[in-house]
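> I'll drop the sequence and a predicted model, then ask my questions.
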Amino acid sequence: MTSTHENHAPALNDRNAHYESLVDPIANWETDFDHMHPAYNANAPEIWQQLREGCPVAHSSRYGGTWLPVRHEDVSAIAYDTEHFSSEDVVVKRIKPTGESRPYGGAPPITSDPPFHHHARRVLLPAFAPQKIAAMEAETRAFCHGLIDKFGSADVVDVADQYAKHIPPAVIAHMLDLPLEDGELFREFIHVALEGIAEDQEIRQAGWQKLDAYLDRRIAERSANLGDDLLSYLLTAELDGHRLHPDHVRGTVALLLIAGIDTTWSAIGSSLWHFAQVPSDLARLVREPDLLSTAVEEMLRAYAPVTMARTVAKDVEIGGCPMKEGDWVLLPFPAANRDPAAFDRADEVLIDREINRHSAFGLGIHRCVGSNLARMEVRVALEVFVERFPEFELADAAAVTWSVGQVRGPRSLPIRIRSRASARAK
């Protein structure tokens with residue numbers, strides 16, 4: 001059986017060509033960067049290193065004025081400073097927040113500022129407790145095996161398209177008790193929110209309307225038939241003695257469907273991309289399976305998928321740069337993770353790295369509430385894949401394509417399978 005990735009790659013290349021057509025060419029990454037240009041994510045580590053050596057707090061006039069710090073100390077300073085930086089909108093776009101959506105923002109708690117943020121975050125914590133996540137591991141493992149079973153005897157598979165992108169939607173659908181077949185809709189919503197920033201406003205508006213209609217329908221259905229799931233929990237949870245505001249529920253579900261899927265999908269894909277091109281690391285992981293947890297943490301550090309954003313709430317200076325009220329600021333946690341001032345051998349991927357206080361899940365009050373879930377998904381997805389395929393490699397490095405925007409991960413990843421394990425884990 002032959003691979004189907006040849007059919008996907010042209011479409012994905014056309015997709016990135018479309019994104020490139022929506023933005024102006026890049027004149028200089030230090031003074032004219034655009035995180036929505038496909039060249040940014042495709043070359044991000046090299047761009048961050050260039051900026052770190054020359055202009056560690058870059059500025060661009062695009063999107064009404066945007067800053068890009070790449071040193072760990074600057075990213076950390078901004079993430080912890082809730083007085084001068086607001087989280088009301090965490091995705092840089094052409095339209096800036098107006099303050100009308102406070103205190104919730106569009107997706108609480110990630111879009112909430114203090115003091116409301118503290119309460120919104122506490123509402124979610126029980127749903128992501130370690131014991132809750134542990135209870136989902138067996139089902140996640142079985143789902144990963146099922147995806148691999150569908151590969152058949154193909155010797156080349158697109159593991160971004162046929163494996164990584166399906167795992168987080170299935171997990172989130174299970175948590176919210178939504179239909180598994182809605183996964184394609186979830187990925188469409190992700191495109192609207194995170195990759196379609198430069199699209200015409202009419203196209204974006206239509207996408208948001210589709211998301212709103214979906215959320216309204218599912219929330220109404222569940223309100224009439226509550227169960228033992230996360231959506232039902234949100235509909236019955238209380239804050240200060242009152243049920244959550246409908247905007248709070250809708251925004252949090254939207255957050256789970258968008259940020260809870262794309263980030264982990266990207267982390268799984270990036271991990272497989274690494275092992276496909278570093279056979280020595282793959283061989284070592286096969287020989288020393290006890291390294292898996294450490295390797296996962298290093299994958300999260302080296303290939304952290306998430307860049308958040310803030311808006312400047314009050315004039316402030318960071319890294320010697322005067323930031324003005326209303327400016328956008330990108331927080332590239334992946335760049336902070338590769339800062340040699342913060343990590344020894346920062347640009348090397350060491351799967352046995354013991355000291356690894358990375359920022360893949362953010363810094364400050366907005367550190368990802370779903371970090372336990374993401375770790376479980378990445379670990380299980382990688383463990384199952386390596387168990388089933390102890391030897392694999394990139395089939396065509398030139399065919400690898402990356403996402404655009406603030407979440408970085410491979411979107412096309414053709415891998416050649418060199419060997420298959422005869423036994424499946426139970």
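That came through fine.

> any low-confidence regions in this structure?
Scanning the chain for pLDDT under 70 picks out 1-13, 101, 422-426.

> how about a cut-off of 90?
Of all residues in the chain, those with pLDDT under 90 make up the ranges 1-18, 27, 94-106, 196-203, 240, 259, 421-426.

> contacts only, for the nearest residue to Arg353 once chain neighbours are set aside.
Distances taken as CB to CB, 6 or more residues apart in numbering place Glu298 nearest to Arg353, at 5.0 Å, with adjacent residues excluded. Placement of C-beta: from N, CA and C, glycine included. If you count contacts by CB atoms under 8 Å, 6 or more residues apart in numbering, Glu298 has them with Val349, Leu350, Ile351, Arg353, Asn356.

> looking at this, Asp281 is in a strand?
No - with DSSP: H, G, I helix; E, B strand; the rest coil as the criterion, Asp281 is helix rather than part of a strand.

> quick one: contacts for it?
Contacts for Asp281 were tallied using CB under 8 Å, 6+ apart; they are His274, Phe275, Ala295, Val349, Ile351.

> now do Asp262
If you count contacts by CB under 8 Å, 6+ apart, Asp262 has them with Pro168, Ile190, Leu194, Pro305, Ser403, Val407, Gly409.

> from Ile318, how far off is it?
Look at Asp262 and Ile318: by CB to CB, to the nearest Å, they are 27 Å apart.

> that older thread, out of the contacts of Glu298, which is most surrounded?
Using other CB atoms under 10 Å as the neighbour test, those are led by Ile351, with 22 neighbours.

> how about the contacts made by that residue?
Contacts of Ile351 by CB under 8 Å, 6+ apart are Asp281, Arg284, Leu285, Leu291, Thr294, Ala295, Glu298.

> the third one belongs to a helix, doesn't it?
Read it as Leu285. Yes - assessed with three-state DSSP, Leu285 lies in a helix.

> could you list the residues in contact with the one helix or strand Lys210 maps to?
Element membership for Lys210, per DSSP states H and E: helix 201-223. When contacts are taken as CB under 8 Å, 6+ apart, the neighbours of helix 201-223 outside the stretch itself are 176-178, 182, 185, 188-189, 191-193, 196-197, 229, 231-232, 235, 246, 249-250, 253-254.

> stretch 23-43 too?
Applying CB under 8 Å, 6+ apart, the external contacts of stretch 23-43 come out as 16, 19-20, 22, 47, 50-51, 54-55, 58-62, 66, 68, 92, 197-198, 307, 330, 401-406, 408.

> need the buried ones from the residues you listed selected in PyMOL.
In PyMOL syntax, the buried subset of those is picked out as below (16 or more other CB atoms under 10 Å):
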select buried, resi 16+19+20+47+51+55+58+59+60+62+66+68+92+197+198+307+330+401+402+403+404+405+406+408
